[in-house]
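Chemist: Sequence and predicted structure are below.
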Amino acid sequence: MKFIAEINVMPLKEILDPQGKAVAGSMKNLGLSNIKNVRIGKHITLELEAENEAAARESVEQACKQLLANLIMESYEFDLKAI
Amino acid sequence: MKFGVVVFPGSNCDEDIIYTLQHIMGQDVVRLWHKDKDLQGADFIVLPGGFSFGDYLRSGAIAKFSPIMQEIISFANKGGNVLGICNGFQILTEAGLLPGALLQNKNQKFICANTYIKAETNDSLVTSQIDLNKALKIPIAHGEGNYFADADTLKKLDDNDQVLFRYCDYNGNITAESNLNGSINNIAGVSNKNRNVFGLMPHPERASNSLLANDDGLILFESILSTVY
């Protein structure tokens, strides 16, 4: 079976996200002073083949934990769909 | 003493550290390509600065899977000495050989500047001969050098005397202003608990030649040579 995983990797909440902070600051220049908090992460899409959904999930988990996210500074979540 | 300097695609301080070790310190140096699986009998491994694999994904994240890194991880786990400078430090944290992580600098900018650092302990190969009251002028050049570790890890670093260097001012005072990249507790370098793996963001190899008007970094290499064997 073929699957597609849509992965979001975000900086941990307790870590200052200077990029998000700078973008939040420039929202004021846009006149959008109601936007208070911006955090910026990564969106990663990957396609994979696996016997079933559980096996696909396991592969994506491993990819996230060992490479795509550094759990000291980031968290991850993903959606998995059969295609 | 035989040093092994690892060259990754994108390393750019390999020649600087080789020059320092070979021509200034008079040591044997062997270049280790990242695809090698043999440390060629090196006693001390150095991971140089640069932008291994273009810093894709995260600095050091891809390099940790290079074949040579599997050898280095097992070498380090058996007590072998490994030093990572700048990108080398990032690779060692990504590989789990050193605690913590290097975040983007707090000002979001690549910083290329002279900094002052102070050694925190003499109980390590790279700091054994350093006067703990002296501020060493050592340059930094990085975009992701903002050291981070959670509260538990920081406590362990302090309890085990694992912080090697902190950013300070010219007079050796540890101040917020001297902490250009925003590192937690001004941390510029750490060791692992077993004291055989070392990492620092500043570049001592760029400050080891009097012709360059700054040889404050030499003392790190003198420390290594005075302590090993």
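Modeler: Noted; the coordinates are in hand.

Chemist: Which residue ranges of the chain form helices?
Modeler: Let's take chain A. Read by DSSP state H, chain A holds these helices, from start to end of the chain: A:18-29, A:53-63.

Chemist: Let me rephrase: I mean chain B.
Modeler: Using DSSP H, the helices of chain B run over B:14-19, B:67-77, B:87-94, B:151-159, B:218-227.

Chemist: Tell me which of these sits most buried.
Modeler: A comparison of these by mean neighbour count, using mean count of other CB atoms under 10 Å in any protein chain shown, puts helix B:87-94 on top with a mean of 29. For every residue, glycine as well, the C-beta is placed using N, CA and C.

Chemist: In CSV, list the C-alpha atoms belonging to that helix.
Modeler: Provided in CSV are the C-alpha atoms of helix B:87-94 (Å, rounded to 0.1, in the frame of the first residue of the first chain):
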residue,chain,number,x,y,z
ASN,B,87,29.4,22.5,13.0
GLY,B,88,31.3,19.7,14.6
PHE,B,89,29.6,20.6,17.9
GLN,B,90,26.3,20.6,16.2
ILE,B,91,26.9,17.2,14.7
LEU,B,92,27.9,15.8,18.2
THR,B,93,24.7,17.1,19.8
GLU,B,94,22.6,15.7,16.9
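
Chemist: Return the angle between stretch directions for it and helix B:67-77.
Modeler: Using axes from the mean of the first three to the mean of the last three CA atoms, to 10 degrees, the inter-axis angle of helix B:87-94 relative to helix B:67-77 is 70 degrees.

Chemist: what about helix B:87-94 and chain A, touching?
Modeler: Yes - with CB under 8 Å from any CB of the partner chain as the criterion, chain A is reached by helix B:87-94 at B:93-94.

Chemist: So what touches that helix?
Modeler: The contact list for helix B:87-94, computed with CB atoms under 8 Å, 6 or more residues apart in numbering or on different chains, reads A:70, A:72, B:6, B:8, B:10-11, B:13, B:46-52, B:55, B:58-61, B:63-64, B:69, B:82, B:84, B:98-102, B:142, B:144, B:189, B:197, B:199-201.

Chemist: Quick one: mean pLDDT over that helix.
Modeler: Mean pLDDT, helix B:87-94: 98.

Chemist: Return the set of residues that bridge with whichever residue of chain B sits closest to chain A.
Modeler: Residue nearest to chain A within chain B (CB to the nearest CB): B:A101, separated by 4.1 Å. For B:A101, the beta-bridge partners are B:F148 (DSSP bridges).

Chemist: Let me know the pLDDT of B:V228.
Modeler: 67.

Chemist: Assess the claim that B:I73 and B:L97 are in contact.
Modeler: Yes - B:I73 lies in contact with B:L97 (CB atoms under 8 Å); the separation is 6.5 Å.

Chemist: Wondering if the longest strand along chain B reaches chain A at all.
Modeler: Taking DSSP state E as the criterion, chain B has its longest strand at strand B:111-119. No - judged by CB under 8 Å from any CB, strand B:111-119 and chain A are separated, with a smallest distance of 12.7 Å.

Chemist: Tell me the spatial nearest neighbour of B:G143, not counting adjacent residues.
Modeler: Nearest residue to B:G143 in three dimensions, chain neighbours excluded: B:F110, at 4.2 Å (CB to CB, 6 or more residues apart in numbering or on different chains).

Chemist: how much space between that neighbour and B:R166?
Modeler: 22 Å (CB to CB, to the nearest Å).

Chemist: who's more crowded, these two?
Modeler: Legend: neighbour count by other CB atoms under 10 Å in any protein chain shown for B:F110 and B:R166, higher for B:R166 (21 against 12).

Chemist: Residue numbers of chain B in contact with chain A?
Modeler: Taking CB under 8 Å from any CB as the criterion, the neighbours of chain A within chain B are B:57-58, B:61-62, B:65, B:93-94, B:100-101, B:103-108, B:148-150, B:182.

Chemist: Is A:I40 in contact with A:G20, as I believe?
Modeler: Yes - using CB under 8 Å, A:I40 is in contact with A:G20, at 4.6 Å.
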